[in-house]
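*Asks:* The sequence and its predicted three-dimensional model are supplied below.
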Amino acid sequence: MPYSAAGKNLMLDALKGTNPTVPITHAALFDEDPAIAAVTGTASSDVFAKTAHGLSNGNLVVLRSLSGGAGLTEEIPYFVITANANDFQLSRVASGSAINFTSDVTTVSVVRLVELTGGSPAYARKSIAFNTPVDGAMDDSTNGAVFDVPACTVNYVGFYSAVSAGTLLGIDPVTAEVFAAQGTYTVTDADLDLNTGGF
């Protein structure tokens with residue numbers, strides 16, 4: 001699972017002895033919108049173009065089927081910035097600067113990830129904590145988090161620094177699970193492993 005830029009920065013701060021101010025405290029679930037296909041990108045301006053793309057500033061997205069776009073990576077969390085009706089840029093952190101990609105994007109599919117909401121009982125992020133790290137990896141100490149979910153599809157688990165808002169520190173794609181009606185989704189295990197680059 002790819003770490004977000006904020007998550008990587010937190011790990012590096014911890015490694016250099018800086019006291020982390022935004023550790024992972026909560027897990028979250030995401031559904032994904034249908035892919036916005038055939039998006040192009042111009043390297044000279046770092047701008048993506050797609051007529052009526054429907055994205056808004058602050059949207060969390062991942063890229064798939066990327067052709068061109070040196071400096072971009074599929075399935076890494078990005079945030080939409082400078083969005084207009086027919087173009088936008090991407091940042092590695094919320095409200096950050098635009099990613100500098102060094103070759104034109106011939107085509108890419110952009111997929112917006114949306115944190116779940118609603119339901120009865122209502123969906124909410126769940127607390128998560130981790131054991132002491134061993135050899136560059138650590139396991140969660142919560143022994144599973146059970147989420148109440150509305151009718152939806154769960155595609156990703158996310159890891160945040162707060163119960164609401166907060167900083168996204170990582171996402172992990174999971175096998176899509178479709179809920180036709182209200183139900184529960186269990187994250188049975190979460191492992192942070194810097195040896196494999198993911199959760």
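*Replies:* In hand now; what should we look at?
*Asks:* what residues go with each domain of this structure?
*Replies:* Per automatic domain parsing, the structural domains of the chain span 5-31+116-193, 32-114.
*Asks:* The longest one: end-to-end distance?
*Replies:* When the termini of domain 5-31+116-193 are compared using Cα to Cα, to the nearest Å, they are 16 Å apart.
*Asks:* Can you pull out the low-pLDDT segments for the protein?
*Replies:* Applying pLDDT under 70 to the chain flags the ranges 1-2, 12-13, 15-22, 197-199.
*Asks:* So which residues of the chain form strands?
*Replies:* Applying DSSP state E to the chain gives strands spanning 26-32, 36-42, 47-49, 60-68, 78-81, 87-91, 105-115, 126-127, 137-139, 145-149, 152-160, 168-179, 183-187, 191-193.
*Asks:* for the fourth one, packing partners?
*Replies:* So the one you mean is strand 60-68. strand 78-81, strand 105-115, strand 168-179 (3 or more Cβ pairs under 8 Å, 6 or more residues apart in numbering; DSSP states H and E). From N, CA and C alone the C-beta is placed, and that goes for glycine too.
*Asks:* Of those, which is nearest Leu63?
*Replies:* strand 105-115 (5.2 Å; Cβ to Cβ).
*Asks:* what's in contact with the closest one?
*Replies:* The contact list for strand 105-115 (Cβ atoms under 8 Å, 6 or more residues apart in numbering) reads 28-33, 35-43, 48, 50, 53, 55, 59-69, 72, 77, 155-156, 158, 171.
*Asks:* returning to that earlier point: Tyr3 is nearest to which of the strands of the chain?
*Replies:* Nearest to Tyr3 among the strands of the chain is strand 168-179; the distance by Cβ to Cβ comes to 4.7 Å.
*Asks:* and Asn155, what is it in contact with?
*Replies:* Contact analysis of Asn155 by Cβ under 8 Å, 6+ apart lists 30-32, 113, 173-174, 176.
*Asks:* closest one to Ala162 among the helices and strands packed on strand 60-68?
*Replies:* strand 168-179 (10.2 Å).
*Asks:* Give the buried residues for the closest one.
*Replies:* For strand 168-179, burial by neighbour count (16 or more other Cβ atoms under 10 Å) applies to 168-174, 179.
*Asks:* Could you do stretch 52-68 as well?
*Replies:* 53, 55, 59-63, 66, 68.
*Asks:* got the end-to-end distance for it?
*Replies:* 22 Å.
*Asks:* same question, stretch 100-118
*Replies:* 37 Å.
*Asks:* and if you look at stretch 136-152?
*Replies:* Taking Cα to Cα, the first and last residues of stretch 136-152 lie 35 Å apart.
*Asks:* Equivalent analysis for stretch 43-57, please.
*Replies:* Termini of stretch 43-57 sit 20 Å apart (Cα to Cα).
*Asks:* Could you tell me how far it lies from the centre of the chain?
*Replies:* Distance, stretch centre to chain centre, for stretch 43-57: 19 Å (Cα atoms, centre = their mean, to the nearest Å).
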